[in-house]
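Novice: starting from these lines, generate the structure:
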Amino acid sequence: MSQQGYVATPPYSQPQPGIGLSPPHYGHYGDPSHTASPTGMMKPAGPLGVTATGGMLPPGPPPPGPHQFGQNGAHAASHPQQRFPGPPPVNSVASSYVPYQPSAQSSYPSPMSTSSVTQLGSQLSAMQINSYGSSMASPSQGPPGPLSATSLQTPPRPPQPSILLPGSQVLPPPPATLNGPGASPLLPPMYRPDGLSGPAPPNSQYQPPPLPGQALGARYPPQQANSGPQMAGAQLSYPGGFPGGPAQLAGPPQPQKKLDPDSVPSPIQVIENDRASRGGQVYATNTRGQIPPLVTTDCIIQDQGNASPRFIRCTTYCFPCTSDMAKQAQIPLAAVIKPFATIPSNESPLYLVNHGESGPVRCNRCKAYMCPFMQFIEGGRRYQCGFCNCVNDVPPFYFQHLDHIGRRLDHYEKPELSLGSYEYVATLDYCRKNKPPNPPAFIFMIDVSYSNIKNGLVKLICEELKTMLEKLPKIRVGFITYNKVLHFFNVKSNLAQPQMMVVTDVGEVFVPLLDGFLVNYQESQSVIHNLLDQIPDMFADSNENETVFAPVIQAGMEALKAADCPGKLFIFHSSLPTAEAPGKLKNRDDKKLVNTDKEKILFQPQTNVYDSLAKDCVAHGCSVTLFLFPSQYVDVASLGLVPQLTGGTLYKYNNFQMHLDRQQFLNDLRNDIEKKIGFDAIMRVRTSTGFRATDFFGGILMNNTTDVEMAAIDCDKAVTVEFKHDDKLSEDTGALIQCAVLYTTISGQRRLRIHNLGLNCSSQLADLYKSCETDALINFFAKSAFKAVLHQPLKVIREILVNQTAHMLACYRKNCASPSAASQLILPDSMKVLPVYMNCLLKNCVLLSRPEISTDERAYQRQLVMAMGVADSQLFFYPQLLPIHTLDVKSTMLPAAVRCSESRLSEEGIFLLANGLHMFLWLGVSSPPELIQGIFNVPSFAHINTDMTLLPEVGNPYSQQLRMIMGIIQQKRPYSMKLTIVKQREQPEMVFRQFLVEDKGLYGGSSYVDFLCCVHKEICQLLN
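Specialist: Reported below is the predicted structural model:
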């Protein structure tokens, strides 16, 4: 455990009448439950939840223009009962963003007046930060310019976790050496509390740090911890303006100070600390409710009765005992489940249990599958279900005697009794129409319109399929090409030449041939190769530019339906489907909707054709994977819906150019075809009594409240499940989760995959906070927010995210932290990087539009995140930034990452940035010539060609090492990352800068430091 203390003088420490913890945003979207204010909480006064006092917030509406974040704004206060409330009041139309100026405030809308925003900035300048404990970044080299008065102080770590109050005696460190390109602008000058600049009036509340030895306790009203033991945590403290504190200093203000970014919690440090303490070790899952290593830490996982964190990660591993506690803390109770996650070769694969015709042993009442949570009694003749407590008879074939501690003698011989994850062979009862399924098939569907033929894409796909089909397991394949009409191919093994059949009636698609369309590749190899050689020439003279899309999916689904098998469609498509047919789309890309309440329309499909088509596909086990090659708007929100709802994947290559994008596309195609995948799947999440699964997020379809239906699910797809209490939970029995996925393997065997996880329960809030996992929390918040963009104004969603962040931290501050200065920002140790990650989510282009990001790109990113697991969402929101110029060519270790901020770059440096979709190599103008020559094989910086997307294979250690590092970063990721070379101070650097997520966004979006202050202001308002 580590603590950090932070010190500053905010303007927001005056007492605020009428502000209590407002009721939580809890419940379904639009579910008007939980409306009553929880006891002991005051309802906000007034429409903005704040009464203006002491020149803090002048009365009247906020002025137009760029505001800061929405905290307790109109929406947050007026719809407290839901996470994402319904349509906002009429007066809350989101403000238009102004063009970027360096001095512009962030564009999260807010009810604060401009003057109080400025005060917030100015008072921050006096913030001084003391860091305690080992989890702080060492002061790294900062920007040039005057040495800031902020000093990073690191005293020896106290033996017990304790919160140190501001002003503890510590010597200032020597000044840090300074270099680097980007000096961050100084914060605005001192402002008086009434908004006028100039020296503060003599009666302003200001308290100097206490003199050495001066007692601290007397000055603050003590905070009573009313729940659980005191916990260590990061603290941000402000020695000034404590509620009710007497004014202690008159006269001119102190010299300007600047908040040092090195003194706020660092994600890099948290990741490194976890790697140092848990990396490379064996993590055994034998204890209920234990917290696994972070997703960024490599370790060996040993299943000893609970599912591996590769399969299930939770937002907290200790659930609160009551729903009142859950409402009070507002920490979402959720699990991110990745049922087919890849298991590394050094861990044991899942065991397959086969009980023959008897099938799996299940509880008679709740239908939970036999697992380590079942308790055998009466000499082994009966067992009590751990989920519903029902006592069941043990089937005769399954009987076994118990040992002296009541455990079955065959406990360690049966995977379902001793392991958290395993598979069952399913009986015919689990199959459609009670008969064994046919093996799945793959259908390749190629858009042969004019542009795809001309740019060589069709030829590339056909060439690649010839080599790739060789590697496929024994599976049936079929081929369709299309533009305005559909061409089916008969590739039966006894034909000398493939035969083409054209379907022109795209309104009512039918499959013109059954025999010879889906064939075994090995048997029909020569006919298929013949076809793939002919397709590019067959359409070489076509001038047809119009395409259809929905009929293509319909045709593939009908073909699978006729063959009575599940399967997957691989569609290669490049334009808006404008030809007359079902699912025809028009260009509706309207920039005027951005930043209005109608912006949500841009994320919704244009027609309901695709929604009903997706439902049909899922009903017939037809999954759709779409490779898109758009050169202009193609309406991803509509075209991507079927891939999303059928458990497929969407890949997008904007303005595809053969020489630049070929490799990225081929890598994606190869990776996708070889993925471990389950077909025609249905998932059910069961829980022990007291709570239940209420909400599901992911590439899924739900026809009822419990069955998660997926036409397919692969090793990269995750489903995020939210839980709610329906009764009390007990500390003794804990909270148990069982996820069961029924699916068909690639070879056509019906199986059940079971994952079990036991969590702790506690009536102490402190235990709940201790057990949180920030990476899983961000995955949950991202998915719930991205689901809400379909029916909520983005401004409302951003406000709720800020509000809930403040609520979670205020509850911790009030109930779990040691009594300390009321103005300290105290972060729980498990959540100390929650603010920086939350700010990254708020700045993502889905929630905050930017002029250079297209509507299609926003819809695409929204769709990708909905199916992401925790490791992928962690990298996506907080990219990895590696200094390449510090490479040790003798070591195979990755260089230590640095924080995503411009202040970490240096002119002499070369940096690699990756976020799972993109990879950038940033070159400082003074990069070492030997590195430039070693990596690019050119004489100097000026000779580097920034158009390249693959590094040349130069046979020297620098080049080999860098390409190896890029390979390591790429290897675990579902999407192939295209490399962009960026030179410092050249135009493309603007795109790269958007990924430096700790800095202020060019088009709105706060810096990390500013967001921390905003959240702290919120917390102060909630606590006063």
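
Novice: CA only for contacts and neighbour counts going forward, please
Specialist: Fine.

Novice: so residue 362 is in contact with residue 374, correct?
Specialist: No - Residue 362 is not in contact with residue 374 according to C-alpha atoms under 8 Å; the separation is 10.1 Å.

Novice: compare these two (neighbour count), which wins?
Specialist: Neighbours were counted for residue 362 and for residue 374 using other C-alpha atoms under 10 Å; residue 374 has more, 19 against 15.

Novice: name all residues that make contact with the residue lying closest to residue 438 once chain neighbours are set aside.
Specialist: By the measure of C-alpha to C-alpha, 6 or more residues apart in numbering, the closest residue to residue 438 outside its immediate chain neighbours is residue 565, 5.1 Å from it. Shown in contact with residue 565 (C-alpha atoms under 8 Å, 6 or more residues apart in numbering): 437, 438, 439, 440, 441, 620, 621.

Novice: before we move on, what about residue 399?
Specialist: Here residue 399 is in contact with 380, 381 (C-alpha under 8 Å, 6+ apart).

Novice: check what pLDDT it gets.
Specialist: Model confidence at residue 399, expressed as pLDDT, equals 97.

Novice: and it, how close does it get to residue 702?
Specialist: Distance of residue 399 to residue 702, computed by C-alpha to C-alpha, to the nearest Å: 37 Å.

Novice: per-domain residue ranges of this protein.
Specialist: For the chain, the TED database gives the domain ranges 352-418, 440-584+626-675, 879-996.

Novice: so which of the ones you listed gets nearest residue 737?
Specialist: Closest to residue 737 of the domains of the chain, according to C-alpha to C-alpha: domain 352-418, at 8.3 Å.

Novice: tell me the gap between that closest one and the middle of its chain.
Specialist: 37 Å (C-alpha atoms, centre = their mean, to the nearest Å).

Novice: which residues touch the closest residue in space to residue 929 that isn't next to it in sequence?
Specialist: Among residues not flanking residue 929 along the chain, residue 940 sits closest, at 6.2 Å (C-alpha to C-alpha, 6+ apart). Remark: with contacts taken as C-alpha under 8 Å, 6+ apart, residue 940 is in contact with 929, 932, 933.

Novice: show me what whichever strand in the chain runs longest is packed against.
Specialist: Ranked by residue count and defined by DSSP state E, the top strand of the chain is strand 750-762. Counting contacts by 3 or more C-alpha pairs under 8 Å, 6 or more residues apart in numbering; DSSP states H and E, strand 750-762 packs against strand 318-320, strand 421-425, strand 735-744.

Novice: pick the most buried one from these.
Specialist: Of the helices and strands packed on strand 750-762, the one with the most neighbours on average (mean count of other C-alpha atoms under 10 Å) is strand 318-320, at a mean of 32.

Novice: chain center to stretch 351-370: distance?
Specialist: With C-alpha atoms, centre = their mean, you get 34 Å for stretch 351-370.

Novice: how far does that stretch stretch from start to finish?
Specialist: End-to-end span of stretch 351-370 (C-alpha to C-alpha): 14 Å.

Novice: per-residue pLDDT of the closest residue to residue 454 other than its chain neighbours, please?
Specialist: Setting aside the residues directly before and after it, residue 454 is nearest to residue 540 in space (C-alpha to C-alpha, 6+ apart), at 7.9 Å. With respect to pLDDT, residue 540 has a value of 94.

Novice: distance of residue 540 relative to residue 662?
Specialist: 20 Å.

Novice: same check, this time on residue 430
Specialist: Distance of residue 430 to residue 662, computed by C-alpha to C-alpha: 43 Å.

Novice: could you look up the SS state of the most centrally placed residue in the chain?
Specialist: In the chain, the residue lying closest to the centroid (C-alpha atoms, centre = their mean) is residue 873, at 3.0 Å. Three-state call for residue 873 (DSSP: H, G, I helix; E, B strand; the rest coil): helix.

Novice: from what I see, it and residue 777 are in contact.
Specialist: No - Residue 873 lies out of contact with residue 777 (C-alpha under 8 Å); the separation is 10.4 Å.
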